[in-house]
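Participant: Below are the sequence and a predicted model for it; my questions follow.
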Amino acid sequence: MKITDEQTQAGYEIASAVYDGAMSAKAGAQRLHAEHGVNAASAQDFITIFKSMMEGKAYHRTLSIPATRYFFDRLAAERGPVALANAIEATRQHLDYYERLEKGGAQPTKRAILREYAAHPPQLKDLGLINEEFARKVETSASDSPDARQARLRTAVSRPAKVRVTTETFVRNPDVVAETLYRAQGRCGRCGEPAPFRRRRDGTPYLEVHHKKQLKDGGDDTVENAIALCPNCHRHQHFGPPDR
Ligand SMILES: [Zn+2]
Ligand SMILES: [Zn+2]
C-alpha cells in the first residue's frame, strides 16, 4: 500500500504524541487507521519506528525513503540535533539488519540519506520567516470554504508541534522605556486616555513603549523616537491605517 504525504505527516504527528504520552500506542494506531486511512500494520510501524529513532535503537520494519526524510526533517526541527543523530543511528542499525536478510539487499539510497543528514543537518528555521509563512497560511485558510476548513479541523492534530528556531532581536535600552513611561504619567500618548489597567506586579499603569520609527526600519532607541501607548493604540500603530 502506498503511503501518501498526508498519511506520513499524520503518522509522524501521532507517533510523536504517543511518544510524549499524550495518547496510548493503541489509540494512536486506531486514529491513524480511522481518520487517515493508514492500514493497521503501517500505523503500528510509524509509532514503533518513531520511538526507535528517538532512542537510537534498531527498528526492523521499513520506512519509505520520503517518510524517512520527513521524519529526519521534523525531528531535527522540533527535537534538535541529538534527536536527529539518534534517528540516523537507528536507521543505520535498521539497514545493517535489513541488508543481512535473505530478501534484503543493499540500500544505497538510504545509506546516502544517512551520509547527507549527518554531514548537513537541516538548519534551524528563522522565526520571522515562520511567522510570515503562518500569516500566509491563515489567509489561505480564510479564503477557503467553511466546509473544507471545518472538515480539516475535525481530523486535525490537537497538540501543536514545537519547532526550534533562530531569531535576532535588538538589545534595547531600559532607560528609554523607563523614562518614556515616566514622562507619560499614566496616559496614552495617542488617545490621551488613562492606562486601561494597572500591572498586577507593581500597580503601575499599563502602557506599552512603541518606537515611532521602528528599530527594524532603522529607528533610534531614544526617548525622542519612543512613545507610551495604550494597547489599543499600540496595535493601531502597527496594524491600522496611518494617523493623519
Ligand atoms: Zn491610546
Ligand atoms: Zn510598537
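Facilitator: It's in. Here the structure is a predicted model, which means the values were calculated and not measured. Numbering: from 1, shown residues only. Ligands and ions are numbered 1, 2, ... in the order given.

Participant: any idea how far ligand 1 is from E133?
Facilitator: For E133, the distance to ligand 1 equals 31 Å [C-beta to the ion, to the nearest Å]. (Each C-beta comes from the backbone N, C-alpha and C, glycine too.)

Participant: cool, and A27?
Facilitator: A27 is 49 Å from ligand 1, where distance means C-beta to the ion.

Participant: Chain neighbours aside, what residue packs nearest to that residue?
Facilitator: Spatially, and ignoring its direct neighbours in sequence, A27 is nearest to V18 (7.9 Å; C-beta to C-beta, 6 or more residues apart in numbering).

Participant: isn't the one you found right next to A25, touching?
Facilitator: Yes - judged on C-beta atoms under 8 Å, V18 makes contact with A25 at a distance of 5.2 Å.

Participant: Break this protein down into its structural domains.
Facilitator: The record, using automatic domain parsing to delimit domains, assigns the chain the ranges 5-122, 128-166, 174-239.

Participant: Can you tell me the element Q30 falls in?
Facilitator: If you go by DSSP states H and E, Q30 is part of helix 25-36.

Participant: by how many degrees do the helix or strand in which the residue nearest to A27 is found and helix 25-36 diverge?
Facilitator: Element membership of V18, judged by DSSP H and E, is helix 5-19. Orientation check (axes from the mean of the first three to the mean of the last three C-alpha atoms, to 10 degrees): helix 5-19 against helix 25-36 gives 160 degrees.

Participant: Now stretch 151-158: average pLDDT?
Facilitator: Averaged over stretch 151-158, pLDDT sits at 83.

Participant: Residues contacting it, please?
Facilitator: 10, 13-14, 17, 35-36 (C-beta atoms under 8 Å, 6 or more residues apart in numbering).

Participant: would you list those in CSV and tack on neighbour count, pLDDT and distance to S141?
Facilitator: Output for these, formatted as CSV (neighbours: other C-beta atoms under 10 Å; pLDDT from 0 to 100; distance: C-beta to C-beta, whole Å):
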residue, neighbour count, pLDDT, distance to S141
A10, 24, 94, 18
E13, 21, 94, 18
I14, 28, 95, 22
A17, 20, 94, 22
E35, 14, 92, 19
H36, 19, 93, 20
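
Participant: buried sites along the helix holding V18?
Facilitator: Counting neighbours by 16 or more other C-beta atoms under 10 Å, one finds that the buried residues in helix 5-19 are 7-8, 10-19.

Participant: any idea which of those is the one closest to P242?
Facilitator: Taking C-beta to C-beta as the measure, P242 lies nearest E13 of those, at 42.1 Å.

Participant: Grab the nearest non-local neighbour of T109.
Facilitator: Counting by C-beta to C-beta, 6+ apart, I65 is the residue found nearest to T109 once chain neighbours are left out, at 6.0 Å.

Participant: again, but for Y117
Facilitator: F72 (5.2 Å).

Participant: Report the outermost residue of the protein with respect to its centre.
Facilitator: E102 (41.4 Å; C-alpha atoms, centre = their mean).
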